[in-house]
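K.L.:
sequence and predicted structure below; questions after.
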Number of protein chains: 2
Amino acid sequence: MIKKIAVTGGVHGNELTGAYVVKKWEPPKFSDIEVTKILANPKAFKACRRYIDYDLNRSFHKEALNLDSHIYEYERAKVLNGRLKSFDFLIDLHTTTANLGATIVLSSTDEISTAVAKSAAVKSGAKIIRWLSNEEGAFINSVTDHSVTIEVGPVCQGVLDPTIYQRSLDVLNAVLETIESKNFVNSGPVECYEIFGYVDYPRDVHGELEGMIHPELIGRDFSPIEKGEEIFLGFDSKSIRYDGDRAYALFINEAAYYEKSIAFCLARKITI
Amino acid sequence: MIKKIAVTGGVHGNELTGAYVVKKWEPPKFSDIEVTKILANPKAFKACRRYIDYDLNRSFHKEALNLDSHIYEYERAKVLNGRLKSFDFLIDLHTTTANLGATIVLSSTDEISTAVAKSAAVKSGAKIIRWLSNEEGAFINSVTDHSVTIEVGPVCQGVLDPTIYQRSLDVLNAVLETIESKNFVNSGPVECYEIFGYVDYPRDVHGELEGMIHPELIGRDFSPIEKGEEIFLGFDSKSIRYDGDRAYALFINEAAYYEKSIAFCLARKITI
């Protein structure tokens, strides 16, 4: 039984939508479910930066949670871990600069999380992404047994957009209503994009960019890309073509992923 | 005679377009003009932040240039001031998250700068903005006698967009060709948007936002707004209406201006 739900926003301090949702939005009153809002990284929010020292959403792995650290986000992860572990379900709010639309991201194959995501996706028209592996370190979602991430775009870092704000609330309300209705376990098969790889920008030996996303690829999240398609435009005006197997491109040109060496993610379409 | 031109990019470290133009673009070779590229704030560029301690483009006033300071950008301004004062003309490259298109910004009424801007605007299809007063502190443009700023949007901070990159180069090349042609002094009257005021977001007593740009206003830079038009949407879903005289809205929802208490600028249309 899901009794206690946490809604976190501002895990990335310059994603203003989630931060203002937890500050300003009034959760619905449910008879037997308690909804708690948490501004996850107040220091980064105040500075309007993604993070102070390190990505908080990669700071919930064992080492970060157990060792004393000079990294602000590692300490904040310990605090959040303590507060969140008594919750049954976590809804974490994010935005992206990519043209993703409204999505629900699953970071595990947990059955309850999956069932909630499916039902809420159907209700709200959001797409489902599954992003399981994460080499850098665990998401905040790893703290509770069940969780979904709501990721909506495109919107710039440090900016509020009323359409993106409303779309985030629509999906959030759909997730809450799904949990409250309790009949989410039997939804039928739903389409899901499972991330399995990454493509980095063209770079020189010093790691500096040698090109940008190609005009033909920009904004085309969830479209299939085929071998031979133009994916980057070099600063020398030459195109660079895709050399992999057919896949779906997600998070194309996400600002925060430049430093993670991700120009876009590769996904396969599955049914869950 | 204009002999030495400086092209600065990355005055704001997370405006990647200008930074990569000065890194990757090869200036045209002119027989009697020397073009020098300068990455203005390498430390902020490396951190992918607008600035480290303070906005560099508000750090060229007397106090910043004369007093020793703990503010990184004040020190950097001293260095740039020393390097730039031997130049005849400065072209400073910027981007905005607002839907501004390609613009040339004048920060003085200097005749030569104005004549160059007019001719280059006609050549490239860019609009001209004049932004004279600046309470916070002087722009980098104050270092040389003649200058223009190229400001193109919309593009997120921390992101390269090939269309914005190309548009910036188009305007930059138009400015350089104008200067090289030397016959820019006699261009006829050209339309210009002169900024005369600012409108801040609705805020509570602690300065925190109580609303966002209204969906009806977003993206409508250079459109006239009239008294009574909806300009903000409160988090309580109530609209807030414009209470001033007819004006043109510029820099609507620019990310970097949230902290400057500017939701958008008000401009009048003049002929120069």
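P.N.:
Done, it's in.

K.L.:
residues touching residue A:239, list them.
P.N.:
A:214, A:230, A:232, A:233 (CB atoms under 8 Å, 6 or more residues apart in numbering or on different chains). Just so you know, the C-beta spots here come from the backbone N, C-alpha and C atoms, and that holds for glycine as well.

K.L.:
per-residue confidence for the first one?
P.N.:
pLDDT, the model's per-residue confidence, is 98 for residue A:214.

K.L.:
ok, residue A:174 touching residue A:117?
P.N.:
No. The pair residue A:174 / residue A:117 is not scored as a contact, 10.1 Å apart, by CB atoms under 8 Å.

K.L.:
the two - which one has more neighbours?
P.N.:
Ranked by neighbour count (other CB atoms under 10 Å in any protein chain shown), residue A:174 and residue A:117 place residue A:117 first, with 30 against 22.

K.L.:
which residue ranges form the helices in chain A?
P.N.:
Listed in chain order, the helices of chain A (DSSP state H) span A:16-24, A:42-47, A:62-66, A:72-84, A:111-124, A:162-181.

K.L.:
residues of the second one that come out buried?
P.N.:
Going back to what we said before, that points to helix A:42-47. Neighbour-count burial for helix A:42-47 flags A:44, A:45 (criterion: 16 or more other CB atoms under 10 Å in any protein chain shown).

K.L.:
that helix vs chain B: in contact?
P.N.:
No. Helix A:42-47 does not reach chain B (CB under 8 Å from any CB of the partner chain); its nearest approach is 9.1 Å.

K.L.:
same check, this time on the last one
P.N.:
Yes. Counting by CB under 8 Å from any CB, contacts between helix A:162-181 and chain B involve A:162, A:163, A:165.

K.L.:
top of those by neighbour count?
P.N.:
residue A:165 (24 neighbours).

K.L.:
what's the neighbour count on the closest residue to it other than its chain neighbours?
P.N.:
Distances taken as CB to CB, 6 or more residues apart in numbering or on different chains place residue A:17 nearest to residue A:165, at 5.3 Å, with adjacent residues excluded. Neighbours of residue A:17 under the rule other CB under 10 Å: 26.

K.L.:
who are the neighbours in contact with residue A:17?
P.N.:
Residues near residue A:17 by CB under 8 Å, 6+ apart: A:9, A:93, A:95, A:152, A:155, A:160, A:161, A:164, A:165, A:168.

K.L.:
ok so, going back, contacting chain B as well, which ones from the contacts of residue A:239?
P.N.:
Of the contacts of residue A:239, the ones that also sit near chain B (CB under 8 Å from any CB) are A:214, A:233.

K.L.:
okay if I get the contacts of residue A:239 as a markdown table plus neighbour count?
P.N.:
Putting these into a markdown table (neighbours: other CB atoms under 10 Å in any protein chain shown) gives the following:
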| residue | neighbour count |
| --- | --- |
| A:214 | 20 |
| A:230 | 15 |
| A:232 | 22 |
| A:233 | 23 |
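
K.L.:
residue numbers of the stretch 151-272 of chain A in contact with chain B?
P.N.:
A:154, A:156-163, A:165, A:208-210, A:212-215, A:218, A:233, A:235, A:253, A:255-256, A:258-259.

K.L.:
mind listing what the residue lying closest to residue A:153 once chain neighbours are set aside touches?
P.N.:
Nearest residue to residue A:153, sequence neighbours excluded (CB to CB, 6+ apart): residue A:96, at 3.7 Å. Residue A:96 is in contact with A:151, A:152, A:153, A:154, A:155, A:251, A:254, counting by CB under 8 Å, 6+ apart.

K.L.:
over to residue A:272?
P.N.:
A:114, A:118, A:128, A:130, A:189, A:190, A:192.

K.L.:
quick one: the strands in the stretch 151-272 of chain A, in order.
P.N.:
Remark: strands assigned in the stretch 151-272 of chain A by DSSP state E, counting those that start in this stretch are A:191-199, A:211-213, A:224-225, A:230-234, A:239-241, A:247-250, A:264-271.

K.L.:
most tightly packed of those strands?
P.N.:
Highest mean neighbour count of the strands of the stretch 151-272 of chain A: strand A:211-213, a mean of 25 (counted as mean count of other CB atoms under 10 Å in any protein chain shown).

K.L.:
domains in chain A, by residue range?
P.N.:
Chain A breaks down by automatic domain parsing into domains covering A:4-188, A:195-271.

K.L.:
for the ones you listed, which one ends up most surrounded?
P.N.:
Among the domains of chain A, the stretch with the highest mean neighbour count (mean count of other CB under 10 Å) is domain A:4-188, at a mean of 20.
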